[in-house]
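# For reference, the sequence and a predicted model appear below.
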Amino acid sequence: MTLLEVRDLTVSFNTADGVVQAVRGVSFGVDAGRTLGIVGESGSGKTVLTQTLLGLTPGADISGSARFDERDLLQLTEEEMRHIRGERISVIFQDPLTSLHPLYKVGWQISELIRAHDKSVSKKDAAERAVELLSRVGIPRAERRVNDYPHQFSGGMRQRAMIAMALALSPQMIIADEPTTALDATVQAQILDLLLRLQRESGTALIMITHDLGVVADIADEVLVMYAGRAAEKAPKREVFYTPHHPYTKGLLESIPSSSAAGDRLRPIAGQPPSLINLPSGCKFHPRCGYVMDRCLSEEPDLRQVGESGFHNSACWLPAGAAGLSEEAEELREEAVHEERGEAAAEVAEAVAADVPGVAVVGIEGEGAAE
């Protein structure tokens, strides 16, 4: 059953420098008990996308719809939204130290969350529930640590406390905004295992925002790859990792260090993400793309079906069959580039090759050529 259905969501901000097009026509759905991974570089619109769903982007110009359990979140009043935030949809923010109030004990903050949504719960019952939640997320000696302040917790324990707060009211959905970014690898693995276990126990839907494809591989069912405020690729996890279609997705995968190939050279993505105030024409990824064609310079592609599953969509002008990391898929890409790249696109491709020596660029001779 689809719990959240977002359609053509657009979010922009008027600033002194111009209009920031933070989210541009994004659509996706999340089923109950499933996990959606939203991936992209910093500035791609991941956080603004999810914060808008909870009314946390004041001053923004918003259009589209976001139906949660048959109600459009974008049409709710502030009072109605107060009964959604925390109670129906919870958020785990990236930095728990700035999300927890430094002057109040951790247990008190969890108790207040519970009592703010249910006035019938006594202080004693709320305090007992706080201890139970901290114990559930793996805080040792929770009955004692419940009286500690946030600065007395380690980074991993603070994140566990935030997860406890997110679970306090048994929400139907949790939005986790890069919850493991500031944690070391061991603690990160523990947090991800905890989220998966709690999700299995409660059947909660989860949206995981991250720039780390390793996190997505561990936890997601479906993946939405965002670039410049828009969906670049959307597919089940396995198809994203084994048969990527969009050059941006392929670039993200190729830039991951391999634990078994320490001597291999990484393939970085050329250039930098574009300004959301002054977006390039056509496909917004074309200034960084090694497969750029003339059409990419003037026409922005919509998501279209690629692959054979029926659930794999990509916003790219490359042939639908050019999905994957195989030699056959690369040959299809090269054929398309050879047929549809003119002088204008060739100049862009040369700039991509010059920006990062060694980056794979089809159709360019010498340094920067595809290996």
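Okay, I see it. Residues are numbered from 1 along each chain as shown.

# burial of Val187, as a residue count?
17 (other C-beta atoms under 10 Å). C-beta here means a position set from N, CA and C on the backbone, and glycine is covered the same way.

# Name the residues of the longest helix seen in the chain that come out as buried.
In the chain, taking DSSP state H as the definition, the longest helix is helix 185-202. Under the neighbour-count criterion of 16 or more other C-beta atoms under 10 Å, helix 185-202 has Val187, Gln188, Gln190, Ile191, Leu192, Leu194, Leu195, Leu198, Gln199 buried.

# nearest to Pro58, of these?
When these are ranked by distance to Pro58 (C-beta to C-beta), Leu195 comes first, at 28.8 Å.

# got a list of what the closest one touches?
Contact analysis of Leu195 by C-beta atoms under 8 Å, 6 or more residues apart in numbering lists Ile163, Ile174, Ala176, Pro179, Leu206, Met208, Ile219.

# Please convert these to CSV, extending it with distance to Arg144, pLDDT and secondary structure.
As requested, the contacts of Leu195 are exported to CSV (distance: C-beta to C-beta, whole Å; pLDDT from 0 to 100; DSSP: H, G, I helix; E, B strand; the rest coil):
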residue, distance to Arg144, pLDDT, secondary structure
Ile163, 19, 89, helix
Ile174, 27, 93, strand
Ala176, 27, 92, strand
Pro179, 25, 84, coil
Leu206, 30, 94, strand
Met208, 31, 94, strand
Ile219, 31, 89, helix
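
# Now, of these, which are buried?
For these, buried by 16+ other C-beta under 10 Å: Ile163, Ile174, Ala176, Pro179, Leu206, Met208, Ile219.

# Share the number of residues neighbouring the closest residue to the third one other than its chain neighbours, please.
With C-beta to C-beta, 6 or more residues apart in numbering as the measure, Ile92 is the residue that lies nearest to Ala176, at 4.4 Å, once sequence neighbours are left out. Applying the criterion other C-beta under 10 Å, we find 24 residues in the vicinity of Ile92.

# heads up, I number from 547, so please use that
Renumbered: residue one is now 547, and that last one reads Ile638.

# and Ile638, how far is that from Ser872?
As judged by C-beta to C-beta, to the nearest Å, Ile638 and Ser872 stand 37 Å apart.
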